[in-house]
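[1] Predicted model and sequence below, questions to follow.
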Amino acid sequence: MNQTSENNETRMESDSRKWSVEGRIGAAFLVLLITTTGLAVGAARLSIPLGLSFLGIVLVELILGIWMIRTITRPLRNTLEALKGGIDSFADRDFSMRLVATRTDELGDIVRCYNTAGKLLQQERNNVRQKELLLATALNRSPVGIVLVNSRDRVTYANIEARRLLLGGDKLDGRLLEELIDGCPEEMKQMLGCRTDGMFSVRIGNNVEYYHIDQRSFQLNQRPHRLISLQLITHQLNRQEAQAWKKVIRVVCHELNNSLAPVSSLIHSAKTIAGQPEQHARFEEIFSIITDRLEHLQVFIEGYAKFARLPEPRREQVPWSDLLAFVDDSVPIKLVAPLPNQPGYFDRSQLEQLIVNLVKNAVEASDSKPNIEISIRQIQDKGVLLEVMDRGRGMDEETIQKAVLPFYSTKKTGSGLGLPLCREIIEAHGGHLDLQTRSGGGTVVACWLPETNMGRTNSRLFPVV
């Protein structure tokens with residue numbers, strides 16, 4: 001609103017001006033012309049010789065012209081000098097200088113434009129300072145240590161947490177990064193030296209502290225810089241570990257209660273009918289149910305043990321046809337693409353376990369006759385994509401996000417370890433597992449194994465197919 005009022009006021013002043021620069025110059029030429037004419041007429045009436053009158057007229061016009069030019073250009077000179085001083089102050093990052101705008105001609109318009117530009121620049125400068133102050137406050141209160149290093153490997157900025165982690169609280173600005181790295185523990189020194197992201201641990205006395213480091217390179221003021229983020233995550237990991245243990249304990253207790261409570265009840269029933277010979281025929285039924293519950297409990301415990309004891313893959317060359325040969329013939333499976341000619345390089349037993357789990361899940365997800373399809377494709381320069389597809393009930397977005405989490409299951413008798421175990425197997429081979437909703441209904445479990453060359457794994461992002 002204020003800016004609009006100033007613009008309207010400027011426009012009104014411009015419209016009400018009486019003399020513009022062009023008008024003043026034109027008036028000066030008109031005065032010179034009238035003066036010349038008057039002097040010529042006067043010299044003719046006084047019968048002054050032509051040469052003498054010409055010299056007199058030139059001298060008078062020269063003096064008058066110089067005076068008029070200086071008079072007309074004086075405001076222009078003064079305005080230009082003032083503008084030069086104001087622009088010099090801009091160069092010194094001082095936007096507070098203002099010029100007095102009393103004229104109503106073009107020079108006054110220029111002065112008012114300068115004042116408006118200075119006001120806007122000063123406001124922007126104040127806004128930038130406020131944002132810088134807010135950012136500095138946020139960074140200093142951040143639990144993440146942040147260090148900015150320039151192209152000469154000198155620290156140009158470090159927040160309070162970074163100073164605490166790297167130098168016990170002393171200032172880091174201006175120090176060489178190499179000096180800081182030399183004073184760090186060996187594990188931290190390796191991560192900072194190789195410029196990679198990741199998590200590492202440092203043993204301090206009898207305690208182990210865990211850190212996460214993130215390093216990025218970018219251009220700042222057309223010069224390369226490096227941003228290092230370092231965070232102590234021991235507390236977060238301890239809390240997550242405690243939550244995981246609590247969840248494991250809840251699941252195990254729930255499963256034990258579901259199995260032991262019926263067994264206890266059946267044992268009590270057996271004791272009751274032990275003194276009733278006519279009821280002894282029920283012993284076989286009771287013992288059969290007890291056996292089933294104990295077998296279920298054993299399978300449950302073995303599933304947890306297998307998940308916890310998953311060994312490192314022992315890779316070997318395996319033809320893809322051999323990998324599928326052991327699948328139970330009673331499960332109808334359809335290959336939707338020819339198998340790759342080049343054999344795979346993986347842990348055969350672990351990949352067989354993965355196929356078993358995925359096929360079992362696909363069968364259990366199918367309400368009627370299972371319609372399971374498997375595709376194994378070699379993707380050039382990206383590895384092998386193994387897909388198990390069904391036409392079952394499918395999953396919503398929330399279920400897809402939780403399905404690979406340990407202990408999560410949508411089945412009443414499920415342990416929630418099938419898909420997490422499959423993900424562990426794939427990631428141990430350097431690959432990725434992805435769940436997708438299948439077009440037309442059902443689910444696709446896509447397992448990507450990276451390109452391999454006799455033990456050398458080239459990890460890549462999950463391919464888009």
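    Structure's in. What do you need?
[2] Can you give me the domain boundaries for the chain?
    2-129, 142-232, 237-308, 316-458 (automatic domain parsing).
[3] any idea which of the ones you listed is most buried?
    domain 316-458 (a mean of 16; mean count of other C-beta atoms under 10 Å). In short, each C-beta sits where N, CA and C put it, glycine included.
[4] ok, Pro262 - contacts?
    Applying C-beta atoms under 8 Å, 6 or more residues apart in numbering, one finds that Pro262 lies in contact with 289, 293.
[5] quick one: average pLDDT of the one helix or strand it maps to?
    Assessed by DSSP states H and E, Pro262 sits inside helix 234-274. Averaging pLDDT along helix 234-274 yields 75.
[6] distance between that helix and the chain's centre?
    Relative to its chain's centre, helix 234-274 lies at 41 Å (C-alpha atoms, centre = their mean, to the nearest Å).
[7] What of stretch 197-217?
    That offset, for stretch 197-217, works out to 21 Å (C-alpha atoms, centre = their mean).
[8] And that stretch, end to end?
    12 Å (C-alpha to C-alpha, to the nearest Å).
[9] can you list contacts of it?
    185, 187-188, 190-192, 195-196, 224-234, 237.
[10] coming back round to it: let me know the angle separating the following helix or strand past the helix holding Pro262 from helix 234-274.
    Elements were assigned by DSSP H and E; along the chain past helix 234-274, the next helix or strand is helix 282-308. In terms of direction (axes from the mean of the first three to the mean of the last three C-alpha atoms, to 10 degrees), helix 282-308 departs from helix 234-274 by 170 degrees.
[11] average model confidence for helix 282-308?
    74.
[12] The longest strand along the chain pairs with which strands, and in what direction?
    Criterion DSSP state E: the longest strand present in the chain is strand 207-220. Here strand 207-220 has these sheet partners by DSSP bridges: strand 198-204 (antiparallel), strand 223-232 (antiparallel).
[13] can you give me the strands for the stretch 51-200 of the chain?
    Remark: strands assigned in the stretch 51-200 of the chain by DSSP state E, counting those that start in this stretch are 144-149, 155-158, 198-204.
[14] quick one: contacts for Leu339?
    320-321, 324, 376.
[15] SS state for it?
    Assigned by DSSP: H, G, I helix; E, B strand; the rest coil, the conformation of Leu339 is coil.
[16] Surely Leu433 forms part of a helix?
    No: counting by three-state DSSP, Leu433 is not part of a helix but strand.
[17] what about the closest residue to Thr196 other than its chain neighbours, distance to His225?
    The shortest distance from Thr196 to any non-neighbouring residue, by C-beta to C-beta, 6 or more residues apart in numbering, is to Gln215 (7.0 Å). In this view, Gln215 and His225 are 11 Å apart by C-beta to C-beta, to the nearest Å.
[18] same thing with Glu352?
    50 Å.
[19] And Ile160, by the same measure?
    20 Å.
[20] Ala136 too?
    17 Å.
[21] nearest to Leu59, of the strands paired with strand 207-220?
    Nearest to Leu59, of all the strands paired with strand 207-220, is strand 223-232, at 64.7 Å by C-beta to C-beta.
[22] List of residues touching the closest one?
    143-151, 156, 162, 165-166, 192, 195, 209-219.
[23] Now do that strand: distance to the chain's middle.
    14 Å.
[24] quick check: angle from it to strand 144-149?
    Going by the same axes, to 10 degrees, strand 223-232 makes 160 degrees with strand 144-149.
[25] And the helices in this protein, which stretches?
    Secondary structure of the chain by DSSP state H: the helices cover 2-15, 21-45, 50-91, 106-141, 160-167, 177-182, 186-194, 234-274, 282-308, 320-325, 348-365, 397-402, 418-428.
[26] Show me what the fourth one is packed up against.
    The reference is to helix 106-141. Counting contacts by 3 or more C-beta pairs under 8 Å, 6 or more residues apart in numbering; DSSP states H and E, helix 106-141 is packed against helix 2-15, helix 50-91, helix 160-167.
[27] Mind doing that once more with 6 Å?
    Helices and strands touching helix 106-141, by 3 or more C-beta pairs under 6 Å, 6 or more residues apart in numbering; DSSP states H and E, are helix 50-91.
[28] tell me what the helix it packs on is packed against?
    helix 21-45, helix 106-141.
[29] can I get these in CSV with distance to Ser265 and mean pLDDT?
    What follows is the helices and strands packed on helix 50-91, written out as CSV (distance: least, C-beta to C-beta, whole Å; pLDDT from 0 to 100):
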stretch, distance to Ser265, mean pLDDT
helix 21-45, 109, 71
helix 106-141, 58, 87
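[30] how about these, which one is nearest Glu179?
    Nearest to Glu179, of all those, is helix 106-141, at 22.3 Å by C-beta to C-beta.
[31] what's the angle between the closest one and strand 144-149?
    Using the same axes, to 10 degrees: helix 106-141 against strand 144-149 is 130 degrees.
[32] quick one: contacts for Glu61?
    32, 36 (C-beta atoms under 6 Å, 6 or more residues apart in numbering).
[33] Relative to the whole chain's centre, how far out is stretch 84-101?
    41 Å.
[34] quick one: terminal-to-terminal distance for it?
    15 Å.
[35] pLDDT on that stretch, on average?
    84.
[36] Show me the contact partners of it.
    By C-beta under 6 Å, 6+ apart, the surrounding residues in contact with stretch 84-101 are 82, 108, 111-112, 114-115, 118, 121-122, 125.
[37] Check stretch 274-288 too.
    Counting by C-beta under 6 Å, 6+ apart, 266, 270, 273 sit against stretch 274-288.
[38] Could you dump those residues into JSON lines with distance to Lys131 added?
    Converted to JSON lines, those look like this (distance: C-beta to C-beta, whole Å):
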{"residue": "Leu266", "distance to Lys131": "72"}
{"residue": "Ala270", "distance to Lys131": "77"}
{"residue": "Ile273", "distance to Lys131": "82"}
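[39] Out of the residues you listed, flag the one nearest to Ile425.
    Looking across the contacts of stretch 274-288 and measuring by C-beta to C-beta, the closest to Ile425 is Leu266, at 37.8 Å.
[40] Double-check that closest one against Arg293; I have them as touching.
    No: with contacts counted by C-beta atoms under 6 Å, Leu266 stays clear of Arg293, the gap being 8.4 Å.
[41] Next one: Arg293 from Pro75, what distance?
    Applying C-beta to C-beta to Arg293 and Pro75 gives a distance of 105 Å.
[42] now swap in Leu52 and tell me
    37 Å.
[43] Could you tell me the end-to-end distance of stretch 438-448?
    By C-alpha to C-alpha, one end of stretch 438-448 lies 17 Å from the other end.
[44] Stretch 152-171 too?
    Note: stretch 152-171 ends 18 Å apart using C-alpha to C-alpha.
[45] quick one: contacts of that stretch?
    Contacts for stretch 152-171 (C-beta under 6 Å, 6+ apart): 139-140, 145-150, 172-173, 175-177, 180, 230.
[46] Which entry within the residues you listed corresponds to the minimum pLDDT?
    Within those, lowest confidence goes to Leu180 (82).
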